[in-house]
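Asks: Need a 3D model of the sequence below.
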Amino acid sequence: MVEENLGLAHLCARRFQGKGVEYEDLFQAGCLGLLKAAENFDYSRGVRFSTYAVPVILGEVRRLFRDGGALRVSRGLRDLGKKAQAAAEELREQTGQSPGVSEVAQRLGVSPEKAALALGACRSPLSLTGGEEGGQLEIPVEAPEEKMTEQLTLRAILEGLEERDRLLISYRYYQRKTQAETAALLGMTQVQVSRREKKLLAYMRQQFG
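Replies: Modelled structure (predicted):
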């Protein structure tokens, strides 16, 4: 799961590029978020992994800024990163192709997740149209990167709302219904819809950070 979605870590890291923190640190923070998302993801919720992972990854990258741009990386992980980079180069020379994270992990005798994290600081951005092995990522490649990230984050926020609130936002902003029409559908007054809508929009803006 981590290997197939490394593109999400790049996607989120590039959103903050040029804001005072090195890209390598941004991407490594994104990898930490991706690992956390993979560990805590619950298939029973019925949402895509990418939808769940993006807010988690963004939160980890934002934490990097709150901590003053200091990403704590152990000496052991740095050493493993050098070994992983060397192993990747050896595999590339042997096969003539860029190796996947799983291949590097197997060469080093570690998990793919740990190999991905170790490689994080020295990897060039992956294609957004495919994963390490060329598999398709769960993101709409026709949209600009910034828009993709925002769409995925918005979807995750909406799925976290109560059903009535989710319907209110859907009626107002996806189906373009008036407040009066929305009120009639939800059994509310127009004033109640107006007040609730303002609270929901404020909450959603806060979630975007």
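
Asks: confidence score at the spatially most central residue of the chain?
Replies: Central residue of the chain (Cα atoms, centre = their mean): residue 54, 2.4 Å from the mean position. We have a pLDDT of 86 for residue 54.

Asks: what are the phi and psi values for it?
Replies: Backbone torsions of residue 54, given as degrees, to the nearest 10, read phi -60, psi -50.

Asks: Can you tell me the closest non-neighbouring residue to the residue of the chain most remote from its centre?
Replies: Outermost residue of the chain with respect to the C-alpha centroid, by Cα atoms, centre = their mean, is residue 189; its distance is 37.8 Å. In space, and not counting its chain neighbours, residue 189 is closest to residue 183: 5.7 Å by Cβ to Cβ, 6 or more residues apart in numbering. Backbone N, C-alpha and C define where each C-beta goes, glycine included.

Asks: Helix or strand next in line after the helix or strand residue 11 falls within, which one?
Replies: Assigned by DSSP states H and E, residue 11 belongs to helix 6-15. Helices and strands here follow DSSP H and E; after helix 6-15, the next one along the chain is helix 23-40.

Asks: what pLDDT, on average, does that following helix get?
Replies: 88.

Asks: export that helix as PDB, just CAs?
Replies: The C-alpha trace of helix 23-40 is given here as PDB (Å, rounded to 0.1, in the frame of the first residue of the first chain):
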ATOM      1  CA  TYR A  23      11.900  19.500  -0.400                       C
ATOM      2  CA  GLU A  24      13.700  16.400   0.900                       C
ATOM      3  CA  ASP A  25      12.500  17.100   4.400                       C
ATOM      4  CA  LEU A  26       9.000  17.800   3.200                       C
ATOM      5  CA  PHE A  27       8.900  14.500   1.300                       C
ATOM      6  CA  GLN A  28      10.300  12.600   4.300                       C
ATOM      7  CA  ALA A  29       7.600  14.100   6.500                       C
ATOM      8  CA  GLY A  30       5.100  13.100   3.900                       C
ATOM      9  CA  CYS A  31       6.400   9.500   4.000                       C
ATOM     10  CA  LEU A  32       5.900   9.500   7.800                       C
ATOM     11  CA  GLY A  33       2.300  10.600   7.300                       C
ATOM     12  CA  LEU A  34       1.800   7.900   4.600                       C
ATOM     13  CA  LEU A  35       3.100   5.200   7.000                       C
ATOM     14  CA  LYS A  36       0.700   6.400   9.700                       C
ATOM     15  CA  ALA A  37      -2.200   6.400   7.300                       C
ATOM     16  CA  ALA A  38      -1.300   2.900   6.200                       C
ATOM     17  CA  GLU A  39      -1.100   1.700   9.800                       C
ATOM     18  CA  ASN A  40      -4.500   3.200  10.800                       C
END
